[in-house]
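Peer 1: missing the sequence, but the structure's below:
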Ligand SMILES: *Cc1c(COP(=O)(O)O)cnc(C)c1O
Ligand SMILES: [Zn+2]
């Protein structure tokens with residue numbers, strides 16, 4: 001649609017112009033730093049940073065009703081930079097010129113209502129938001145689109161000709177980083193560092209296919225992260241882990257989309273998501289908070305973070321009810337089917353603590369919870385979700401198991417509706433489905449398949465048939481007739497079909 005076809009009072013708001021005042025703020029010492037430099041941690045005290053728009057209050061001059069109309073009408077126009085997460089430009093990074101925005105089709109993932117069978121398992125109505133339908137098949141594209149757009153802007157402003165972007169990854173960050181870097185061309189190269197044997201073959205194939213330099217090192221993600229941090233500290237590289245706060249901004253789009261998908265009424269919603277490095281839960285809370293502060297939404301949804309018993313440092317932290325007594329302790333992770341969230345020392349922990357505090361202090365009641373689930377429940381949930389018309393990865397299974405746990409614990413009220421993050425595409429985590437169907441989980445996972453949920457392909461090859469077709473060797477005439485008759489009789493028998 002053309003802008004001139006939209007209502008007149010909306011037209012001037014449709015194409016945004018860069019006008020924010022963004023600064024890094026340190027969550028340790030509260031110092032602010034300019035964005036002319038790529039910073040990951042505070043130069044003074046080493047704590048992680050958040051990006052803030054210090055002129056954010058100007059947005060309160062526009063009414064909530066007007067904002068809602070701006071976003072709804074903006075979704076009708078055909079301007080590529082505004083097609084993805086930057087539809088919510090003002091609330092993401094309102095300093096990036098539109099011609100520097102990199103758009104590869106990220107965002108606007110569908111929200112799909114669970115059928116009655118799944119609802120009965122979980123105990124409440126709920127939806128999956130399928131973030132596996134992003135370009136590299138996980139939510140990481142949201143953050144990467146923002147971080148890469150900023151790097152694109154940064155590079156052109158500084159005439160930087162040769163940037164090396166680097167990340168540690170449980171699989172999906174590297175797939176996203178490699179994809180966006182491959183699009184951006186010669187000035188940006190990417191290198192990814194993966195824990196050997198701890199990403200799935202599909203996840204490994206993605207950065208290889210995108211032409212990134214892929215390095216596997218022994219250890220788990222937390223070890224890779226330490227190495228990458230040392231590289232970022234001592235060499236000229238651009239760090240693309242969620243330590244990079246531009247990624248957090250992009251991932252806030254997940255919340256804005258949920259708000260828009262439910263006509264901006266989210267007070268009766270419960271957002272459930274797996275927690276690994278804790279960047280995503282930070283972003284989701286931060287996104288809803290910003291919309292709330294600007295009056296775009298009138299109330300905040302509940303937030304439920306989910307962790308596996310095999311990687312649960314955030315859950316353990318919140319077990320202590322008294323905030324003054326809470327102490328964060330990293331854990332040593334064990335093998336987890338929610339492998340993308342298998343992190344014992346989440347980089348974003350200081351962010352979670354601060355943002356959850358702010359979130360809980362606005363509402364009259366506690367709004368942020370973290371629940372723990374068993375590996376078995378994660379796998380059973382993933383399998384059941386896929387058997388009921390959804391496309392859900394192991395981490396999406398973790399969301400579903402977490403929703404069920406939250407209902408059991410009385411956290412979710414009768415009239416509340418869940419929105420569960422299926423954070424990646426099911427096909428990335430095929431190997432776990434295979435282990436389930438073949439009953440071949442290594443003992444450390446502690447997962448046993450439910451017998452009736454197993455599924456295998458069946459070879460139909462009647463011994464009474466002498467000849468079978470093969471590539472280059474088709475059957476003809478009577479042999480073909482014989483093949484078709486015998487095969488269809490055999491299959492009708494297997495399927496118990498009635499004769500017409
Ligand atoms: C990265 C990732 C997570 C964990 O998100 P964090 O931001 O690290 O907490 C969960 N699921 C999938 C599929 C992921 O790729
Ligand atoms: Zn500091």
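Peer 2: Cool, got the structure. Computed from a prediction, not measured in an experiment: that's the story for all the values here. Ligands and ions are numbered 1, 2, ... in the order given.
Peer 1: Please, where are all the strands along this structure?
Peer 2: For the chain, the strands defined by DSSP state E occupy 22-26, 32-34, 49-53, 111-113, 126-130, 163-168, 188-195, 213-217, 238-239, 269-274, 302-308, 368-373, 417-422.
Peer 1: With ligand 1 as the reference, name the closest of the ones you listed.
Peer 2: Across those, ligand 1 has its closest neighbour in strand 269-274 (4.5 Å, CB to the nearest ligand atom). C-betas here are computed from N, CA, C, even on glycine.
Peer 1: what residues does the stretch 51-200 of the chain put near ligand 1?
Peer 2: 138, 140, 172 (CB under 6 Å from any ligand atom).
Peer 1: I'd like those as a markdown table, with distance to ligand 2 and neighbour count appended.
Peer 2: What follows is those, written out as a markdown table (distance: CB to the ion, whole Å; neighbours: other CB atoms under 10 Å):
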| residue | distance to ligand 2 | neighbour count |
| --- | --- | --- |
| 138 | 31 | 27 |
| 140 | 27 | 34 |
| 172 | 29 | 30 |
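Peer 1: okay if I get those residues as a markdown table plus distance to residue 16 and pLDDT?
Peer 2: Conversion of these to a markdown table gives the following (distance: CB to CB, whole Å; pLDDT from 0 to 100):
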| residue | distance to residue 16 | pLDDT |
| --- | --- | --- |
| 138 | 27 | 98 |
| 140 | 25 | 98 |
| 172 | 29 | 96 |
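Peer 1: from those, which is closest to residue 475?
Peer 2: residue 138 (44.9 Å; CB to CB).
Peer 1: quick one, what contacts that closest one?
Peer 2: By CB atoms under 8 Å, 6 or more residues apart in numbering, the contact set of residue 138 is 131, 132, 172, 175, 176, 340, 423, 424, 425, 428.
Peer 1: among those residues, which ones are buried?
Peer 2: 131, 132, 172, 175, 176, 340, 423, 424, 425, 428 (16 or more other CB atoms under 10 Å).
Peer 1: Show the residue spans covered by the helices in the stretch 401-500 of the chain.
Peer 2: 430-438, 477-495 (DSSP state H, counting those that start in this stretch).
Peer 1: For the first one, buried residues please.
Peer 2: Neighbour-count burial for helix 430-438 flags 431, 432, 433, 435, 436 (criterion: 16+ other CB under 10 Å).
Peer 1: Reformat these as TSV; add pLDDT and distance to ligand 2.
Peer 2: Listed next are these as TSV, based on pLDDT from 0 to 100; distance: CB to the ion, whole Å:
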residue	pLDDT	distance to ligand 2
431	96	41
432	97	40
433	98	44
435	98	44
436	98	45
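Peer 1: Out of the residues you listed, which comes closest to ligand 1?
Peer 2: Using CB to the nearest ligand atom, those come closest to ligand 1 at residue 432, 11.9 Å.
Peer 1: Would you mind naming what in this protein lies close to ligand 2?
Peer 2: By the rule CB under 5 Å from the ion, the part of the chain lying against ligand 2 is 26, 28, 29, 42, 44, 45, 47.
Peer 1: try 8 Å
Peer 2: 26-31, 41-47 (CB under 8 Å from the ion).
Peer 1: out of the buried residues of helix 430-438, who's nearest residue 468?
Peer 2: residue 433 (29.2 Å).
Peer 1: If we ignore the residues flanking it in sequence, what's nearest the closest one?
Peer 2: Counting by CB to CB, 6 or more residues apart in numbering, residue 383 is the residue found nearest to residue 433 once chain neighbours are left out, at 7.1 Å.
Peer 1: Contact partners for the one you found?
Peer 2: 397, 433, 436, 450, 453.
Peer 1: Including distance to ligand 1, could these go into CSV?
Peer 2: Listed next are these as CSV, based on distance: CB to the nearest ligand atom, whole Å:
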residue, distance to ligand 1
397, 11
433, 15
436, 17
450, 23
453, 22
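Peer 1: Mind picking the one among the residues you listed that's closest to residue 480?
Peer 2: residue 433 (35.9 Å).
Peer 1: Tell me the pLDDT of the spatially most central residue of the chain.
Peer 2: In the chain, the centroid-proximal residue (CA atoms, centre = their mean) is residue 139; its distance is 3.0 Å. At residue 139, the predicted lDDT confidence score is 98.
Peer 1: backbone phi and psi for it, please?
Peer 2: Dihedral pair for residue 139: phi -60, psi -20, per degrees, to the nearest 10.
Peer 1: residues in contact with it?
Peer 2: 131, 172, 251, 254, 280, 421, 423, 424.
Peer 1: if we go to 10 Å?
Peer 2: Residues counted as contacts of residue 139 (CB atoms under 10 Å, 6 or more residues apart in numbering) are 106-107, 109, 129-133, 172, 176, 250-251, 253-254, 273, 279-280, 283-284, 340, 395, 421-424.
Peer 1: So which of these are in helices?
Peer 2: With helices defined by DSSP state H, the entries of the contacts of residue 139 inside them are 172, 176, 250, 251, 253, 254, 279, 280, 283, 284, 395.
Peer 1: which one of those sits closest to ligand 2?
Peer 2: residue 279 (18.8 Å; CB to the ion).
Peer 1: Could you pull up the contacting residues of the closest one?
Peer 2: Here residue 279 is in contact with 48, 139-140, 143, 173, 241-245, 247-248, 251, 346-348, 351-352 (CB under 10 Å, 6+ apart).
Peer 1: if we go to 8 Å?
Peer 2: 143, 242, 247, 248, 251, 347, 348, 351.
Peer 1: So out of everything in the stretch 301-450 of the chain, what residue is nearest ligand 2?
Peer 2: residue 350 (10.2 Å).
Peer 1: isn't that residue right up against residue 27?
Peer 2: Yes: the pair residue 350 and residue 27 passes the contact test of CB atoms under 8 Å, sitting 4.5 Å apart.
Peer 1: so what's in contact with the two at the same time?
Peer 2: Counting by CB under 8 Å, 6+ apart, the residues touching both residue 350 and residue 27 are 47, 48.
Peer 1: quick revisit: separation between the residue of the stretch 301-450 of the chain closest to ligand 2 and residue 47?
Peer 2: 6 Å (CB to CB, to the nearest Å).
Peer 1: The two: which has the busier surroundings?
Peer 2: The residue with more neighbours, out of residue 350 and residue 47, is residue 350; 19 against 15, by other CB atoms under 10 Å.
Peer 1: And the more buried one, what's its pLDDT?
Peer 2: 97.
Peer 1: now do the one 5 residues further on
Peer 2: Turning to residue 355, the model gives it a pLDDT of 98.
Peer 1: Could you find the closest non-adjacent residue to it?
Peer 2: Nearest non-adjacent residue to residue 355 (CB to CB, 6+ apart): residue 285, at 4.7 Å.
Peer 1: how about the one you found, what does it touch?
Peer 2: 255, 303, 352, 355, 356, 359, 368.
Peer 1: before we move on, back to that, just among the contacts of residue 279, which is most surrounded?
Peer 2: Top of those by neighbour count (other CB under 10 Å): residue 143, with 31 neighbours.
Peer 1: Leaving out chain neighbours, which residue sits closest to that residue?
Peer 2: In space, residue 143 is closest to residue 247, 3.2 Å off (CB to CB, 6+ apart).
Peer 1: hang on, the one you found packs against residue 146?
Peer 2: Yes: under the criterion of CB under 8 Å, residue 247 makes contact with residue 146 at 6.5 Å.
Peer 1: and this structure, what are its domains?
Peer 2: 111-136+252-453, 140-249, 458-500 (automatic domain parsing).
Peer 1: now those as JSON lines including distance to residue 66?
Peer 2: Formatted as JSON lines, these follow (distance: least, CB to CB, whole Å):
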{"stretch": "domain 111-136+252-453", "distance to residue 66": "9"}
{"stretch": "domain 140-249", "distance to residue 66": "22"}
{"stretch": "domain 458-500", "distance to residue 66": "59"}
